[in-house]
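**Student:** let me see the structure of the following:
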Amino acid sequence: MINTITLNPSLDYIVKVNNFKVDELNRSVGEQIYAGGKGINVSIVLKNLGVENTALGYVAGFTGDEILRQIKEHDVDCDFVKLENGLSRINVKLKSDGETEINGSGPDITEEDLKSLYRKISKLGKGDFLILSGSIPKSIPDDIYENIMKALLYSGVEFIVDATKDLLLNVLKYRPFLIKPNHHELAEMFNVEIKGDEDIIKYAKKLQEMGAKNVLISMAGDGAILITENGEALKRDVPKGTLKNSVGAGDSMVAGFLAGYLKNHDIKEAFKMGVATGSASAFSEELATEKEVNELLAKMN
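**Tutor:** Residues are numbered from 1 along each chain as shown. Just a heads-up that it's a prediction; the model follows:
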């Protein structure tokens, strides 16, 4: 079974305003509200690709109810911990001449709430995948990803981790099946300037030396580079298309990679599927559908 964890999900409120002016009344020309969170995006795209999975995490209040409603609209199974107090956060994204974001902080998560999540994941075992992605709330210990992997160390669960800096670096010793930083995050982790593919491969291999089995580096319009478990460096360009929305493209790449891998455990085909799925989301106003992914796959060698 495939499981995703989103510790700090949100309702993303997208507002479009022409010529936004500070300290004046502005009227929107377009609005959208959708459930946000990297793990949730992965779950939705996996389901779109025909891969059954369960979304885990925390929700609270009426905003949490709406997050669950929207996830279930995509036929994704949910097993979130419902918090007694607080509200799941609302993130406001204002699009005008530029783009401004205001992200909420989210509800407090208690020690008992943490135990509830651990009880849910304790049921996982050999053959299961657990995807850990995104930021964590301030009320949760910084080593939460590390502790989750440690708790399941001998269970046979395979881990996929898409997180930044220390959240990612600290889990490498637990040998995650796949990690997916982007090239900017890779540079930040090693405090270096990335000047080209050779640098990306060099530092991606360092992450592999630290414990990761497969290292997937996304590079937006420049494609992606994969360091396979046997040390082979592969690169794929993105297929041609018009960028419409970069939100969720990286999460879609993770979903596509796993969906491709589950078909026949071919890591190269998984890589191809990951790039196609990430691109399909980037070329769409919403997250990738199976039809969109297949159309791009047909154009790739």
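
**Student:** domains in the protein, by residue range?
**Tutor:** 1-17+30-160, 177-301 (automatic domain parsing).

**Student:** quick one: the shortest one to chain centroid distance?
**Tutor:** From the chain centre to the centre of domain 177-301 is a distance of 12 Å (CA atoms, centre = their mean, to the nearest Å).

**Student:** for residue 165, grab the count of nearby residues.
**Tutor:** Counted by other CB atoms under 10 Å, the residues lying close to residue 165 total 11. (Each C-beta comes from the backbone N, C-alpha and C, glycine too.)

**Student:** ok, it touching residue 190?
**Tutor:** No. Here residue 165 lies out of contact with residue 190, judged by CB atoms under 8 Å, at a distance of 10.0 Å.

**Student:** residue 199 against residue 192, yeah?
**Tutor:** Yes. Assessed by CB under 8 Å, residue 199 is found in contact with residue 192 at 7.3 Å.

**Student:** which residues do these two both contact?
**Tutor:** Contact with both residue 199 and residue 192 is made by no residue, according to CB atoms under 8 Å, 6 or more residues apart in numbering.

**Student:** higher neighbour count, the two?
**Tutor:** residue 199 (16 against 12).

**Student:** list the buried ones in whichever strand or helix holds the more buried one?
**Tutor:** Assigned by DSSP states H and E, residue 199 belongs to helix 197-209. Across helix 197-209, burial judged by 16 or more other CB atoms under 10 Å covers 197, 199, 200, 201, 203, 204, 206, 207, 208.

**Student:** again, but for stretch 12-28
**Tutor:** 12, 13, 14, 15, 17, 20.

**Student:** need the distance between the two termini of it.
**Tutor:** 15 Å (CA to CA, to the nearest Å).

**Student:** which residues touch it?
**Tutor:** Around stretch 12-28, the neighbours that count as contacts under CB under 8 Å, 6+ apart are 29-36, 90-97.

**Student:** re earlier: okay, and the common contacts of residue 165 and residue 190?
**Tutor:** Contacts common to residue 165 and residue 190, judged by CB under 8 Å, 6+ apart, are absent.

**Student:** what about residue 101, which SS state?
**Tutor:** Following DSSP: H, G, I helix; E, B strand; the rest coil, residue 101 is assigned to strand.

**Student:** ok, it to residue 166 distance?
**Tutor:** According to CB to CB, to the nearest Å, residue 101 stands 23 Å off from residue 166.

**Student:** quick one, which of the two is more surrounded?
**Tutor:** With neighbours defined as other CB under 10 Å, residue 101 and residue 166 compare such that residue 166 has more, 13 against 10.

**Student:** these two touch, right, that one and residue 142?
**Tutor:** Yes. Counting by CB under 8 Å, residue 142 is a contact partner of residue 166 at 7.1 Å.

**Student:** leaving out chain neighbours, which residue sits closest to residue 261?
**Tutor:** residue 270 (3.7 Å; CB to CB, 6 or more residues apart in numbering).

**Student:** please name every helix or strand in contact with the strand or helix carrying the one you found.
**Tutor:** For residue 270, the host element (DSSP H and E) is helix 267-282. Helices and strands touching helix 267-282, as assessed by 3 or more CB pairs under 8 Å, 6 or more residues apart in numbering; DSSP states H and E, comprise strand 214-218, strand 224-227, strand 233-236, helix 249-264, helix 290-297.

**Student:** list the buried residues for it?
**Tutor:** Neighbour count says helix 267-282 has 267, 270-282 buried, by 16+ other CB under 10 Å.

**Student:** okay, the residues you listed in JSON lines with pLDDT next?
**Tutor:** Listed next are the buried residues of helix 267-282 as JSON lines, based on pLDDT from 0 to 100:
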{"residue": "267", "pLDDT": "95"}
{"residue": "270", "pLDDT": "96"}
{"residue": "271", "pLDDT": "95"}
{"residue": "272", "pLDDT": "95"}
{"residue": "273", "pLDDT": "95"}
{"residue": "274", "pLDDT": "95"}
{"residue": "275", "pLDDT": "95"}
{"residue": "276", "pLDDT": "94"}
{"residue": "277", "pLDDT": "94"}
{"residue": "278", "pLDDT": "93"}
{"residue": "279", "pLDDT": "93"}
{"residue": "280", "pLDDT": "92"}
{"residue": "281", "pLDDT": "92"}
{"residue": "282", "pLDDT": "89"}
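
**Student:** nearest to residue 74 among those?
**Tutor:** residue 281 (13.8 Å; CB to CB).

**Student:** for the nearest residue to the closest one once chain neighbours are set aside, give me its contacts.
**Tutor:** Distances taken as CB to CB, 6+ apart place residue 252 nearest to residue 281, at 3.9 Å, with adjacent residues excluded. Neighbouring residues of residue 252 by CB under 8 Å, 6+ apart: 41, 42, 45, 277, 278, 280, 281, 282, 287, 288.
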